[in-house]
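Asks: Have a look; sequence and predicted model below, questions after that.
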Amino acid sequence: MALIKSVKGIKPIIGKNCFIAENATITGDVTIGDDCSIWFNAVIRGDVHSIKIGNNVNIQDAVVVHGTYQKAAVEIGDNVSIAHSAIIHGCTIRSNVLVGMGAILMDGVVVESNSVVAAGAVVSKNTIIRSGSVYAGIPARMIKEMDKDLLEGEVNRISNNYNMYAGWYDD
């Protein structure tokens, strides 16, 4: 069973039809919507600020989600995939977004809807990723505009597939 702990009397709230891996950790002021999946070794630590996660979000293996004390909460919209080993820290991710493997998003970052942050990208503090953009590199910069094939073939496909993958696991 996952490690789900209250912090200062605040217990995480988890929506309906969610898959939470046995070794995931979710603490404190965390709200997770419906049809989400939190994968192996993921840590969602709502101890110093709130973390709000929408519907149909997958937080993959070894992802860390955390805020900054009294400064930066985390907000994640609907239909978002956060790939293996990414770090999401004190930022806002709107809906229909793919954050690639090993990406780092720092405090104050806003990723607008229908966007991609490429694998390994480091998104510097307070960067705004405009809707329809693909960002990559260190520091991350816009490399191209999102097209319909990327949105449907990657962003939507991955977020929908993770619900299917979660259904493969026995209780």
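Replies: Done, it's in.
Asks: Buried residues, the helix or strand bottoming out on mean pLDDT in the chain. List them.
Replies: Using mean pLDDT, DSSP states H and E, the weakest-scoring helix or strand in the chain turns out to be helix 148-150, at a mean of 85. By 16 or more other Cβ atoms under 10 Å, the buried positions in helix 148-150 come out as residue 150. Glycine gets a C-beta too; all of them are placed from N, C-alpha and C.
Asks: After that helix, which helix or strand is next?
Replies: For helix 148-150, the following helix or strand on the C-terminal side (DSSP states H and E) is helix 157-167.
Asks: Quick one: mean pLDDT for that following helix?
Replies: This predicted structure assigns helix 157-167 an average pLDDT of 93.
Asks: Can you tell me which helices and strands that helix packs against?
Replies: Other helices and strands packing on helix 157-167, by 3 or more Cβ pairs under 8 Å, 6 or more residues apart in numbering; DSSP states H and E, are strand 37-38, strand 58-59, strand 80-82.
Asks: what does it contact?
Replies: 19, 35, 37, 56-58, 60, 79-81, 96, 98 (Cβ atoms under 8 Å, 6 or more residues apart in numbering).
Asks: likewise stretch 41-52?
Replies: When contacts are taken as Cβ under 8 Å, 6+ apart, the neighbours of stretch 41-52 outside the stretch itself are 7, 10, 12, 21, 23-32, 38, 53, 59-76, 90.
Asks: Could you rerun that using 7 Å?
Replies: Contacts of stretch 41-52 with the rest of the structure, by Cβ atoms under 7 Å, 6 or more residues apart in numbering, involve 7, 12, 23-31, 38, 59, 61-69, 72-76.
Asks: try stretch 144-155
Replies: Taking contacts as Cβ under 7 Å, 6+ apart, the residues outside stretch 144-155 that touch it are 96-98, 114-116, 132-134.
Asks: Out of the residues you listed, name the ones that lie in strands.
Replies: Taking DSSP state E as the definition of strands, the contacts of stretch 144-155 contribute 97-98, 115-116, 133-134.
Asks: Give me the buried entries from those.
Replies: Among the ones in strands among the contacts of stretch 144-155, those classed as buried by 16+ other Cβ under 10 Å are 97-98, 115-116, 133-134.
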